[in-house]
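Asks: Fold the following, please.
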Amino acid sequence: MTDLTIHAGPFSFGAAFEAAAPKTVAAFRAAMPFVSQIVHVRWSGEGVWVPLGEHDFGVGYENHTSHPAPGHVILYPGGISETEILLAYGGVDFSSKMGQLAGNHFITLTSGLENLRPLGEMVLWQGAQPIRFEAA
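Replies: Next up is the predicted model:
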């Protein structure tokens, strides 16, 4: 099932919302279409992220993990580090300069996975890329 499309750099991905994170999904749906930029993670491994500073989605932890699988999108709701969205393209140990974090796994990519690593490597070597989350 495809609930949304994610356009990142020159790539597009089909994705589904996670039923295990209903509050996070509802808060994010209310913010769609969500447009920003992704940059490569600093401490977490093979992932790209959207730094959101003090943005408050009004959610706490649900379906949270420190080790999202490739193709998982997590939302860190803020706390000891800034609010952020992270998309894993390889191995991730979700962390900040404050230490290990956990984010809400609320989206899973369902198509376009062959372009996930090329996206991550593009962001690593070429810098920030645009990202857009929109209803499918």
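Asks: For residue 63, which residues are in contact?
Replies: Residue 63 is in contact with 18, 20, 21, 24, 104, 105, 106, counting by C-beta atoms under 8 Å, 6 or more residues apart in numbering. (C-beta placed from N, C-alpha, C; glycine too.)
Asks: give me phi/psi at it?
Replies: phi 50, psi 40 (degrees, to the nearest 10).
Asks: And for residue 93?
Replies: phi -120, psi 90.
Asks: residue contacts, the nearest residue to it once chain neighbours are set aside?
Replies: Excluding its sequence neighbours, the residue lying closest to residue 93 (C-beta to C-beta, 6 or more residues apart in numbering) is residue 45, at 5.6 Å. By C-beta under 8 Å, 6+ apart, the contact list for residue 45 reads 88, 90, 91, 92, 93.
Asks: Tell me the one among these nearest to residue 125.
Replies: Comparing the contacts of residue 45 against residue 125 with C-beta to C-beta places residue 90 closest, at 14.6 Å.
Asks: Does that closest one touch residue 70 like I think?
Replies: Yes: at 5.7 Å, residue 90 counts as touching residue 70 under the criterion of C-beta atoms under 8 Å.
Asks: between those two, who's got more neighbours?
Replies: Neighbour tally, residue 90 and residue 70, criterion other C-beta atoms under 10 Å: the higher count belongs to residue 70, 17 against 13.
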